[in-house]
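Peer 1: With the input below, show me the fold.
(chains A and B)
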Amino acid sequence: MAEAFTAEHPDANVVFNFAGSSELVTQIIQGAPADVFVSADDLNMTKLTDAGDNAGDPVAVAKNSFAIIVEKGNPQGIVGLGDLANPDLIVVLCADTVPCGKGATKILENAAVMVTPASFEDKVKGVVTKVTAGEADAGIVFVTDVKAAGDDAEGVEIPADVNVISNYPIVVTKESPNPVAGQVFIDFVASDAGQAILATYGFLAP
Amino acid sequence: MSRRHRRGGRVSLPIPVLALAIVAVVFFALPLVGLLWRAPWSSSWSYLTDDDSLTALRLSMVCSLWATALSIVFGVPLAWLLARVDFPGRAVVRALCTLSMVLPPVVGGVALFFALGRRGIVGQYLDRWFDLRLPFTTAGVVVAQTFVAMPFLVITVEASLRQLDLRFDDASRTLGASRWYTFRRVTLPAIRPALAAGAVLAWARALGEFGATITFAGNFPGTTQTMPLAVYLALETNPEQAIILALLLIAVSFAVLVGLRDRWFRRPDHPIAMPSP
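Peer 2: Just a heads-up that it's a prediction; the model follows:
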């Protein structure tokens, strides 16, 4: 995304800070110098707007849904959410303080599946790491995280009727050092070119 | 005698040194003042008596003390080996054993997976032969904490052993004491202040451990969720609770550090002194 953007705007320099949405909101509210904030859910964007640290209204730029992440080759033969209830499986989930955890809780509720996880990870990458390292058998993460794990992991689909769709709102921050460039970046992400890039990572159109 | 005398007396520091020292004190005190300033005192009691907080605190205490004990049991012999035995590759071994001090803890946690996880070099056999799994267990927390904390003890004790006059050991040996007796009755008492300092450093590091713990052992209340993990997670939903928990952790550490200071850091009552040749 940064590459495509700087190709169009050679004078711009894009620096990403990837972290859990709630962590990023805290950082921005505490004065971290960010121009643009993208949240993996509406709730964390609301935290920012409630604090009045946004300039303008957030717009949705992408959607994401969830999948079960399993080890490469799916050695446990996991086919659906029901399998996660198996007490012999080591399942890790995100803590319900972060978007992926809230999604996972809702999905398991929708599917009426009781899971006793081995761990509540503080961020989605923690779940991915534990599954790709072979320490956990399965986890619930965003579809894009399964895709990002590449060959180290596989995804098992979660049916649409129980799945949760997460919105990705984006906004320029109030204390932005470069608000104009920030808005140009947001427009680029929302453009056809930006959307095409997001689609290659598994994101859905807003 | 003169050393003890000087310690209590008035010392006049050069002004620039004093000024810099005061800046350092403020630098450390200010963040604490910030926490105290932001703390929601009215609701603090309900956070403190919350079952989850107490569970996390208890787990933190148990795990950090275990980590300290393991650090002493294995760290003192390691420090002794590094200080006293001249063997080829000693510098490499020393660097290896203190690597976890410079390694980002999260990386340390991942490395522990590859060593002790159920697919790890050794871990796969622990799993297969003994049905023993460290990730996601309290034992895993202790392992992660020991991994990052032990070097602090090793370095402190090794430095002290190096400064120790070898003639004490020689004297003990020529008087017919065994190696073990000499180690126990001559060497150990002489390094007691360093051992105490190292143990406190290791304990403090274990108590505050976050990255290696959450990576290797995960985060589950009552099993692997120590105080720093609880604080971090609370920060995302309930910053007020996080501040109170952080202050509780600080208060406990502070009490221990201050309490130990006078008791342990004093020089031995019968300092072994030998006139310089």
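
Peer 1: ok, B:F216 touching B:G140?
Peer 2: Yes: contact criterion Cβ atoms under 8 Å: B:F216 and B:G140 qualify, at 5.7 Å. The C-beta positions use only the backbone N, C-alpha and C, and glycine is treated the same way.

Peer 1: Show me whatever sits in contact with both of the two.
Peer 2: Common contacts of B:F216 and B:G140 (Cβ atoms under 8 Å, 6 or more residues apart in numbering or on different chains): B:L134.

Peer 1: More neighbours: these two, which one.
Peer 2: In this view B:F216 and B:G140 are compared by other Cβ atoms under 10 Å in any protein chain shown, and B:F216 has more residues nearby, 31 against 25.

Peer 1: Could you pull up the mean pLDDT of stretch A:125-134?
Peer 2: Stretch A:125-134 comes out with an average pLDDT of 92.

Peer 1: do it and chain B meet at all?
Peer 2: Yes: with Cβ under 8 Å from any Cβ of the partner chain as the criterion, chain B is reached by stretch A:125-134 at A:G126, A:T129, A:K130, A:A133, A:G134.

Peer 1: ok, and what's touching that stretch?
Peer 2: If you take Cβ under 8 Å, 6+ apart as the criterion, stretch A:125-134 is touched by A:69-72, A:92-94, A:100, A:119, A:121, A:136-141, A:145, A:148-149, A:152-153, B:110, B:113-114, B:117-119, B:135, B:214-215, B:218.

Peer 1: What's the PyMOL syntax to select whichever of the residues you listed are buried?
Peer 2: Selecting only the buried entries of those in PyMOL, with 16 or more other Cβ atoms under 10 Å in any protein chain shown as the criterion:
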select buried, (chain A and resi 69+70+71+92+93+94+100+119+121+136+137+138+139+140+141+145+148+149+152+153) or (chain B and resi 110+113+117+118+135+214+215+218)
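
Peer 1: Next step: the contacts of stretch A:125-134 restricted to helices.
Peer 2: A:C100, A:D145, A:A148, B:V110, B:F113, B:F114, B:I214, B:T215 (DSSP state H).

Peer 1: Can you tell me which of those residues is nearest B:L249?
Peer 2: B:I214 (15.8 Å; Cβ to Cβ).

Peer 1: coming back round to it: so which pair among the ones in helices among the contacts of stretch A:125-134 is furthest apart in space?
Peer 2: Checked with Cβ to Cβ, those reach their widest spread between A:C100 and B:F114, with 24.8 Å between them.

Peer 1: who touches whichever residue of chain A sits closest to chain B in this structure?
Peer 2: When Cβ to the nearest Cβ is the measure, chain A has its nearest residue to chain B at A:S119, with 2.7 Å between them. Neighbouring residues of A:S119 by Cβ under 8 Å, 6+ apart: A:V92, A:L93, A:G126, A:K130, A:A136, B:F136, B:A217, B:G218, B:N219, B:F220, B:T224.

Peer 1: I'd like these as TSV, with distance to A:Y201 appended.
Peer 2: Listed next are the contacts of A:S119 as TSV, based on distance: Cβ to Cβ, whole Å:
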residue	distance to A:Y201
A:V92	22
A:L93	22
A:G126	20
A:K130	22
A:A136	23
B:F136	30
B:A217	31
B:G218	27
B:N219	27
B:F220	31
B:T224	32
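
Peer 1: what's the farthest-apart pair in those residues?
Peer 2: Of all pairs in those, the most separated under Cβ to Cβ is A:L93 and B:A217 at 15.5 Å.

Peer 1: Can you classify the spatially most central residue of chain A as helix, strand or coil?
Peer 2: Per Cα atoms, centre = their mean, the C-alpha nearest to the average position across chain A is that of A:A40, at 4.8 Å. State at A:A40, reduced to three classes by DSSP: H, G, I helix; E, B strand; the rest coil: coil.

Peer 1: Help me confirm that it comes into contact with A:G103.
Peer 2: No: checked against Cβ under 8 Å, the pair A:A40 and A:G103 is beyond contact range at 9.1 Å.

Peer 1: Which positions in chain B make contact with chain A?
Peer 2: Residues of chain B found near chain A, taking Cβ under 8 Å from any Cβ as the criterion, are B:110, B:113-114, B:117-119, B:135-136, B:214-215, B:217-220, B:224-225, B:229, B:232-237, B:239.

Peer 1: re earlier: what's across from the residue of chain A closest to chain B in the sheet?
Peer 2: When bridges are assigned using DSSP bridges, the partners listed for A:S119 are A:V92.

Peer 1: Can you read off the pLDDT for it?
Peer 2: Here, the pLDDT recorded for A:S119 equals 95.

Peer 1: before we move on, what about B:G8?
Peer 2: Each residue has a pLDDT score; the one for B:G8 is 50.

Peer 1: Secondary structure element holding A:P75?
Peer 2: Assigned by DSSP states H and E, A:P75 belongs to neither a helix nor a strand.

Peer 1: per-residue confidence averaged over the lengthiest helix in chain B?
Peer 2: Taking DSSP H as the criterion, chain B has its longest helix at helix B:51-84. Mean pLDDT, taken over the full extent of helix B:51-84, equals 93.

Peer 1: Tell me how far it lies from the chain's centre.
Peer 2: In terms of Cα atoms, centre = their mean, to the nearest Å, the gap separating the centre of helix B:51-84 from the centre of its chain is 7 Å.

Peer 1: likewise stretch A:160-168?
Peer 2: Relative to its parent chain, stretch A:160-168 has a centroid offset of 12 Å by Cα atoms, centre = their mean.

Peer 1: how about it: buried residues?
Peer 2: A:V162, A:N163, A:V164, A:S166, A:N167, A:Y168.

Peer 1: That one: end-to-end distance?
Peer 2: From its first residue to its last, stretch A:160-168 covers 18 Å (Cα to Cα, to the nearest Å).

Peer 1: now swap in stretch B:233-241 and tell me
Peer 2: The first-to-last residue distance of stretch B:233-241 comes to 10 Å (Cα to Cα).
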